[in-house]
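Undergrad: attaching a predicted model along with its sequence, questions to come.
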Amino acid sequence: MDFPVFHLDWLNNRGLIAIIAILHVVINHAMAVGGIPLIAYLERRGVRATDGTQAQQWDRLAFRMLAIFFFVTTTVGALTGVGIWLSAGLVNPYAIGSLIRVFFWAWFTEWIVFVTEVVLILAYYLSWKKWVGTKKVSHVKLGFGLALASWLTMAIIVAILSFMMDPGSWGTDRTLLSGFLNPLYLPQLAFRTPVAMVMAGAFGLVVTAFVTPRRSEIQAAALRAIGGWMLAWMPLCLVGGYWYATRVPVAMKAQLPVALLTQQLAQWSHGAITVLVGAVVAIGLIALWARLAPRTLPRVVLLVPALLAILLLGTFERVREFTRKPYAIPGYLYSNGFRKADYPILQRDGVLAHATYTRVRQITSDNEVEAGREVFNLTCTRCHTVDGINGIRAVVANMYGNQPWSVSALDAYIGMMHNARPYMPPFPGNGPERKALATYLVYLQNHADTFNGAQRDGVMVLPRPRRLADGTLIIAQ
Amino acid sequence: MLPVPVPRDIPLPLPADGFYLEPLLIVAFIAHILFVNLTVGGAVYVFLLQLWSRRRPDYAVLARAVAQTLTVNKSMAVVLGVAPLLLINVLYTVHFYTANALTGMAWIALVPVIAGAFVLLYVHKYTWVRLAHRPRLHLAIAGVAVALLLFVPLVFLANVSLMMMPERWSSVAGLWDAVWLPAVLPRYFHFMSASLILTSLFGVGYFGREKFVQQAGFETLTAPNIRRFFYRIAFGTSLGQYVIGPTILLTLPADGLNTAVLATVLIGAVISLAPISMMWLELKEPLAHRTRLLEISVLLTATVLCMAMGRHAYRKIRLAPHQRAIANATEQWNSDSSQAAFNARLRSELEASGRSVGQPIFEANCMACHARDERLIGPPLTEIANIYAGNPDGIVTWAMAPGKKREGFPQMPPFEVLGKEKLRHVADYILQTAAHK
């Protein structure tokens, strides 16, 4: 309403964030938060090895793994991190803008830790071949110091992620600390930490398979070591995952006493737990195999844990995103970008009357489709496209089939959809806007339409309505 | 002319006063831009040196050495960019996000473009030996990386310019519209020149060391050669800034300029005369020393600080009226919004208790003259309901500006002050009350 509406009508705006975010979180967890301690551990194996050749082989493996992780984290990893922010700023500036106001100092601290992390990883990587001999022990310590910095960046950002699921007491006292210490923070951190370690192991298996000579002594030893590393962290994954999975429905229930939502959540978390447990068990079995009989492990099997880990994390993030609905910040901001507190004025006067950028200010009998299109643009496009991912045409067709769609049926449905579909926010506009939107949706049954977004179509600024002293709104034609 | 959009801000308090955040923004931004300059300038140097190495093979060695520095500089450029991004997000929330959305495709393209450039720079660096027999391919990799990197500042400059020109928001749709905004292209060349100057001075200090030259193993290049090479480019490009700088001042909309801004920028320009003459002095000496490099760097930093402060002040002055309008609109919105929420709650509470919304308004304003069945001063409600059955808006129109209807009755005073919304509630209450007993 107050920002130009950026929109991708094929990929869906959430698709854009999802691609960037999942890519980032996989790289971050596997190659930084978990990857660095794993590398430091492998490097230490080299330092501890009594045999000179073996020591060299461990060191070579650890360095090659670091080179690959360094290559990826300092390019795609770093840029997708900034990219989450840039894409969120385009897709839902209200949400990210609010989060930055609340968490500014957390993010600022995060930045200091980031700088530390980057300086340390540059030092760790670039000094690998210079800090040798007696300095090698310090180099391993540097690696563990870097690992701590990487973990800290995650520890801070998880607070913000869990805040978006349940802001806890921030809803009433609006301070940074109350937002930071939200109810889901520790469970989520307790889950993500071991997951990152296991993921690093899964990626480490792949790297080992490709950078060490096949069936060599060092390959078997490294697979055994990494298998052991994964098995050691796995129980913590299950404990953290259980804690987290039991906290989520409680937190969401507390916000929305809608029976259906609870049911759907139960289904979701049930499904999520099945997927998580299944993937973890499969990963565990392969880790065990690597631990016990590394020489019999085919290369293809070594790819499985990494792929499963990506699936596991992707599912986890998707469930996390889904459970947030219908909110972006529970109790404060809906996922459509409208604040809950602003609903009464919008539902009375209409969204079109107050939007800064709109092509229609007032609905008349001959602009209903155009007005409905603008209402769709302002209130639906954060999650829906016309024909792309989560396309509205398919959604409506799914409900009413191929028979002619009815304006009055859709009008009535939009008015109560948040009860029937608890992940939907209530419609923020007024009665005439609801009808115009319904008219536009019916129009879509037989007409093609595409939204290009403000990035291609620009914005239109119409004069704002005047409010008289008695509260009446005067809309200039 | 279309009105200038005045959006409402996000109604949450700033994390700290602008008094503290603004200096932080300036300093964080300078640190970020320093490494950006070294990255962009360094990549350009790598490409050019490698290109020129066909005539002078020593340049290939120098190119490789410059390429090594990019690993650190590009990572620092990205990570140091986070703080200024964060600060501009809170200080100019509305302006920044608006500019981002209006140039949305280019803005989000920054992610793959920069990541792609970095990947290519790594590939280029690590295939130096392996692709030695295919020099054109190897050079092309650097060329694509440089082309990608040259695109990035254009997007940023288009964004920071668009954000301070709200009057242009409704006429921009995409990056290519924003690029033609006043001063964007001059600022682009200003930035590119600064990148070359900074990287050249870095080159004098880092590659102009005797120790470096001994280790690098050049055929003919000597340390004074390298220093002279970099000094010449730094000096020549610096002279160019005296043309580009004033062009920016002349093309920027004048309403952000005041004496303080002009004075800050001019002081910066005057200070810059000193380091540039020092470069000239070094070039006149056969050995082109590094001895004046420290003074040059300190004085240029002072220039950069002046320019960054001037730039910030310009934006602040230019946006001040718009910021005030936004603050007012936001305040008005919050008050209207909470009033509407209060009314809605009141209505639902009254309805729940079986009273109509109109009743308390009627009791406070109308009851002295009107009763249900008998004449007090004005006619009874039953009589009114007969005239206006099914037409509550008729009662509203009458009450806004009553005429004289009946003999022997005093004229009713107008109740326009209540407003149509409240009068409509009263009208509903009158019709309802008259109908039921």
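TA: Now that the structure is in, tell me what you want to look at.
Undergrad: which residue does chain B have closest to chain A?
TA: Going by CB to the nearest CB, chain A is nearest to B:G419 of chain B, at 2.4 Å. (C-beta placed from N, C-alpha, C; glycine too.)
Undergrad: excluding chain neighbours, what is closest to that residue?
TA: A:D470 (2.4 Å; CB to CB, 6 or more residues apart in numbering or on different chains).
Undergrad: sec struct for that neighbour, please.
TA: coil (DSSP: H, G, I helix; E, B strand; the rest coil).
Undergrad: any idea of the pLDDT on it?
TA: Looking at A:D470, its pLDDT is 70.
Undergrad: about what we covered before: residue contacts, the residue of chain B closest to chain A?
TA: A:L468, A:A469, A:D470, A:G471, A:T472 (CB atoms under 8 Å, 6 or more residues apart in numbering or on different chains).
Undergrad: near chain A at all, the longest helix seen in chain B?
TA: Taking DSSP state H as the criterion, chain B has its longest helix at helix B:293-352. Yes: Helix B:293-352 lies within reach of chain A by CB under 8 Å from any CB of the partner chain, at B:W333, B:D336, B:S337, B:S338, B:Q339, B:A340, B:A341, B:N343, B:A344, B:R345.
Undergrad: contacting residues for the fourth one?
TA: B:S338 makes contacts with A:A341, as judged by CB under 8 Å, 6+ apart.
Undergrad: please apply the same query to A:I283.
TA: A:I283 neighbours (CB under 8 Å, 6+ apart): A:V198, A:A202, A:M230, A:M234, A:V304, A:P305, A:L308, A:A309, A:L312.
Undergrad: what helix or strand does it sit in?
TA: Per DSSP states H and E: A:I283 is located in helix A:259-292.
Undergrad: which other helices and strands does the next helix or strand after that helix contact?
TA: Moving toward the C-terminus from helix A:259-292, the next helix or strand (DSSP H and E) is helix A:299-324. In terms of contacts (3 or more CB pairs under 8 Å, 6 or more residues apart in numbering or on different chains; DSSP states H and E), helix A:299-324 is packed against helix A:13-27, helix A:185-211, helix A:217-255, helix A:259-292.
Undergrad: swap in 7 Å and give it another go.
TA: helix A:13-27, helix A:185-211, helix A:259-292 (3 or more CB pairs under 7 Å, 6 or more residues apart in numbering or on different chains; DSSP states H and E).
Undergrad: among these, which is the most enclosed?
TA: helix A:185-211 (a mean of 24; mean count of other CB atoms under 10 Å in any protein chain shown).
Undergrad: now do the same contact list for the nearest residue to B:L283 once chain neighbours are set aside.
TA: Leaving aside its sequence neighbours, B:L283 sits nearest to B:Y231 (CB to CB, 6+ apart; 5.3 Å). B:Y231 makes contacts with B:V204, B:M279, B:E282, B:L283, B:A288, as judged by CB atoms under 7 Å, 6 or more residues apart in numbering or on different chains.
Undergrad: returning to that earlier point: using ChimeraX, define a selection of the buried residues within the contacts of B:G419.
TA: If you want just the buried ones from those in ChimeraX, going by 16 or more other CB atoms under 10 Å in any protein chain shown, the selection is:
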select /A:471
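Undergrad: adding distance to B:A385, write the contacts of B:G419 out as TSV.
TA: Below are these laid out as TSV (distance: CB to CB, whole Å):
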residue	distance to B:A385
A:L468	28
A:A469	29
A:D470	24
A:G471	26
A:T472	25
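Undergrad: from the contacts of B:G419, which two are the most distant?
TA: Spanning the widest gap among these are A:A469 and A:T472, at 8.7 Å by CB to CB.
Undergrad: closest to chain B out of the contacts of A:I283?
TA: A:A309 (22.0 Å).
Undergrad: coming back round to it: next structured bit after the longest helix of chain B?
TA: helix B:358-365.
Undergrad: now do that following helix against helix B:293-352, angle only.
TA: Counting by axes from the mean of the first three to the mean of the last three CA atoms, to 10 degrees, helix B:358-365 lies at 90 degrees to helix B:293-352.
Undergrad: which other residues reach helix B:358-365?
TA: In contact with helix B:358-365 (CB under 7 Å, 6+ apart) are residues B:F415, B:L418, B:K422, B:H425, B:V426, B:D428, B:Y429.
Undergrad: now the residues you listed in TSV, please, with extra columns for secondary structure and neighbour count.
TA: Formatted as TSV, these follow (DSSP: H, G, I helix; E, B strand; the rest coil; neighbours: other CB atoms under 10 Å in any protein chain shown):
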residue	secondary structure	neighbour count
B:F415	coil	19
B:L418	helix	21
B:K422	helix	22
B:H425	helix	22
B:V426	helix	26
B:D428	helix	18
B:Y429	helix	23
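Undergrad: buried stuff in the host helix or strand of the residue nearest to B:L283?
TA: If you go by DSSP H and E, B:Y231 is part of helix B:223-251. Of the residues in helix B:223-251, B:223-231, B:233-235, B:237-238, B:241, B:244-245, B:247-249 count as buried by neighbour count, 16+ other CB under 10 Å.
Undergrad: with stretch B:268-284 instead?
TA: For stretch B:268-284, by 16+ other CB under 10 Å, it's B:G268, B:A269, B:I271, B:S272, B:P275, B:I276, B:M278, B:M279, B:E282, B:L283.
Undergrad: how does the chain divide into domains?
TA: No chain was given, so I picked chain A. Residue ranges for the domains of chain A, per automatic domain parsing: A:13-334, A:340-474.
Undergrad: wrong one, chain B
TA: Split by automatic domain parsing, chain B gives B:18-317, B:358-435.
Undergrad: and the longest one, what's its mean pLDDT?
TA: Okay, so that is domain B:18-317. 95.
Undergrad: any idea how far it is from the chain center?
TA: 19 Å (CA atoms, centre = their mean, to the nearest Å).
Undergrad: quote the end-to-end distance of that domain.
TA: 14 Å (CA to CA, to the nearest Å).
Undergrad: please apply the same query to the last one.
TA: Counting by CA to CA, the length from the leading to the trailing residue of domain B:358-435 is 15 Å.
Undergrad: what of stretch B:405-425?
TA: Terminal-residue distance, stretch B:405-425 (CA to CA): 23 Å.
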